[in-house]
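Engineer: kindly generate the corresponding structure for this input.
(one chain, ligands or ions: 1)
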Amino acid sequence: MKSVDLQIDARWIAPVVPASILEHHSIVIDKGRIIDLCPTARARLQYEATQHLTLNESILTPGFVNLHNHAAMTLMRGVGSDLPLQRWLEDAIWPMENAQVSYDMVALGARWSIAEMLTGGTTTFSDMYFYPDAVAEAALDLGVRCQLATPIIDFPTAWASDAADGISKTVALHDQYKHHSRVQIALGPHAPYTVSDDTFEKLKTLADQLGLRIQCHVQETQSEVDDAVKATGERPMQRLHRLGLLGPDFQAVHVVALSDEDIELLARTNSTAVTCPDSNLKLASGLARTRDLLAAGVNLCIGTDGAASNNDQDLLCEARNATLLAKGGSGDATAMTLQETLQIMTLNGARALGLDDDIGSLEIGKAADIVAINLSDPFLKPMTDPMAAVFYTARARVDQVWIDGKLKAEQGRPAGVDVAAMARDVQRLRKAMESA
Ligand SMILES: [Zn+2]
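Structural biologist: Sure, this is the predicted structure:
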């Protein structure tokens, strides 16, 4: 018998690779890595685990990758409800950000978001927000993986006086975190309509020099495309391509208003597309053409966006809506299979971040980032298809969440976080933000 740290026997396992459901299998973990995935009957003969869990009514999946967030905006949950995007930004969100955003606010808001994400199975996330150093601290403290795309925008913000200042702060952050395994720094130009050609060109040069990824909101609404075409004759996607931005290290977020040519450009350049269906629905921005993106072979990922436009940080809920919208929006029930849904929220996200050798699937040798989803709710019976139970109902419940084999959340509670105390701090800070 080989001694190991942890053995999890599960009723079902969805490893993503291969794209199938294993029954009565076990994952064996030692020193934070998956060292075996085999039938439970064999694992019991072969391994002696320090901790041995039997989950008779759960399905194990890889940890989820939330590829687009503004974590600290959990503090702005509910601000500007029922406004369309431009009014929501200009009348509600930007004034509050300009007056209120500080290192301390971001530190608390990011911790609150990460705590919520962990309880929903997210083990890796990408963020785009002011004071990314505060988000990095929160992520390191709570033990999650992250890509921090620093906000670059051509006007003054609470964090940077202009794009050049944002770029120099990004370089300093990259130097600080370049050897850190769980935090990677990226560039986050806000959107084509807030960033000039000159700035995009500088970002491209810097990204090439330092090996940085770039994440940008692109073609979130049809009016964004129409305004650009009217002003310059060029669609934002064409412009980004002309400037050399598109490519395997480029992540285009929202991509709601896409032409066939835009989709072809994303596919040909091996760029990543990130869909945020709840945010697009709430702000009435439209429906992303996820079926066509998948059919074209684009690396499609998913994100929650910030809690001010969502209002939660629950990737399972996001994936459910993405799946239903792919089908309903296209009139094609095969538009997104549940295996594709699971891959979008795990392996595709890992690929976008260059982490697919390490996370994104439950394979021998990879890090033990694992989610156990509890399917014991009696109203899920009769149970013949656990994936349908996970994605087509609200009765599946994320239970245990591990990162590097360490338990990070259980039964809706993040490990090492006093949720009640943090909730009081969050409520107090929001009140102060509103009365200031
Ligand atoms: Zn966003």
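Engineer: ok, residues contacting stretch 45-52?
Structural biologist: Applying CB atoms under 8 Å, 6 or more residues apart in numbering, the external contacts of stretch 45-52 come out as Met1, Lys2, Ser3, Val4, Asp5, Leu6, Gln7, Asp9, Val28, Asp36, Cys38. All C-beta spots, glycine's among them, are computed from the backbone N, C-alpha and C.
Engineer: which strand residues bridge the third one?
Structural biologist: Right, Ser3. In this entry, Ser3 is beta-bridged to Glu48, by DSSP bridges.
Engineer: that one: neighbouring residues, count only.
Structural biologist: A total of 9 residues lie near Ser3 under the criterion other CB atoms under 10 Å.
Engineer: that older thread, out of the contacts of stretch 45-52, which are buried?
Structural biologist: If you count burial by 16 or more other CB atoms under 10 Å, the buried members of the contacts of stretch 45-52 come out as Val4, Asp5, Leu6, Gln7, Asp9, Val28, Asp36.
Engineer: which elements pack onto the helix or strand where the second one lies?
Structural biologist: With secondary structure defined by DSSP states H and E, Asp5 is part of strand 2-13. Applying 3 or more CB pairs under 8 Å, 6 or more residues apart in numbering; DSSP states H and E, we find strand 2-13 packed against strand 22-30, helix 40-46, strand 47-62, strand 370-374.
Engineer: who does the first one pair with, and is each partner parallel or antiparallel?
Structural biologist: Spelled out, that is strand 22-30. By DSSP bridges, strand 22-30 pairs with strand 2-13 (antiparallel), strand 33-39 (antiparallel).
Engineer: as JSON lines, those strands with distance to Gly121 and mean pLDDT would be great.
Structural biologist: Shown next, in JSON lines, are the strands paired with strand 22-30 (distance: least, CB to CB, whole Å; pLDDT from 0 to 100):
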{"stretch": "strand 2-13", "distance to Gly121": "15", "mean pLDDT": "98"}
{"stretch": "strand 33-39", "distance to Gly121": "17", "mean pLDDT": "98"}
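Engineer: can you give the contact residues for the strand or helix carrying Ala350?
Structural biologist: Per DSSP H and E, Ala350 falls inside helix 347-352. Helix 347-352 has contacts (CB under 8 Å, 6+ apart) with 16-17, 62, 64-67, 124, 213, 251, 272, 274, 299-302, 356, 358-361.
Engineer: and that helix, how far out from the chain's middle?
Structural biologist: 10 Å (CA atoms, centre = their mean, to the nearest Å).
Engineer: filter the contacts of helix 347-352 to the buried ones?
Structural biologist: Among the contacts of helix 347-352, those classed as buried by neighbour count (16+ other CB under 10 Å) are 16, 62, 64-67, 124, 213, 251, 272, 274, 299-302, 356, 358-361.
Engineer: any low-confidence regions in this structure?
Structural biologist: Applying pLDDT under 70 to the chain picks out no residues at all.
Engineer: pick out the residue closest to the middle of it.
Structural biologist: With distances taken as CA atoms, centre = their mean, the residue of the chain nearest its centroid is Asn66 (1.2 Å).
Engineer: how close does the nearest residue to that one once chain neighbours are set aside get to Gly247?
Structural biologist: Excluding the flanking residues, the one nearest Asn66 by CB to CB, 6 or more residues apart in numbering is Phe125, at 4.2 Å. In this view, Phe125 and Gly247 are 22 Å apart by CB to CB, to the nearest Å.
Engineer: now for Asp154, how many residues are close by?
Structural biologist: For Asp154, the count of nearby residues is 16 (other CB under 10 Å).
Engineer: hmm, it is touching Asp197, no?
Structural biologist: No: judged on CB atoms under 8 Å, Asp154 makes no contact with Asp197 at a distance of 10.5 Å.
Engineer: from Gly329, how far off is Gln222?
Structural biologist: According to CB to CB, Gln222 and Gly329 sit 15 Å apart.
Engineer: and these two? Which one has more around it.
Structural biologist: The residue with more neighbours, out of Gln222 and Gly329, is Gly329; 16 against 12, by other CB under 10 Å.
Engineer: report how many residues lie close to Lys431.
Structural biologist: That count, for Lys431 with other CB under 10 Å as the rule, works out to 10.
Engineer: name the SS class of it, please.
Structural biologist: Per DSSP: H, G, I helix; E, B strand; the rest coil, the secondary structure class of Lys431 is helix.
Engineer: quick one: it from Gln100, how far?
Structural biologist: For Lys431, the distance to Gln100 equals 12 Å [CB to CB].
Engineer: try His254
Structural biologist: Where Gln100 is concerned, His254 sits at a distance of 25 Å (CB to CB).
Engineer: show me where the stretch 101-250 of the chain has its strands.
Structural biologist: 122-127, 145-152, 183-189, 214-218, 250-254 (DSSP state E, counting those that start in this stretch).
Engineer: kindly report the domain assignment for this structure.
Structural biologist: Domain ranges of the chain: 2-62+370-403, 64-352, per automatic domain parsing.
Engineer: ends of the longest one, how far apart?
Structural biologist: Domain 64-352 has an end-to-end distance of 13 Å (criterion: CA to CA, to the nearest Å).
Engineer: no further queries at this time; thank you.
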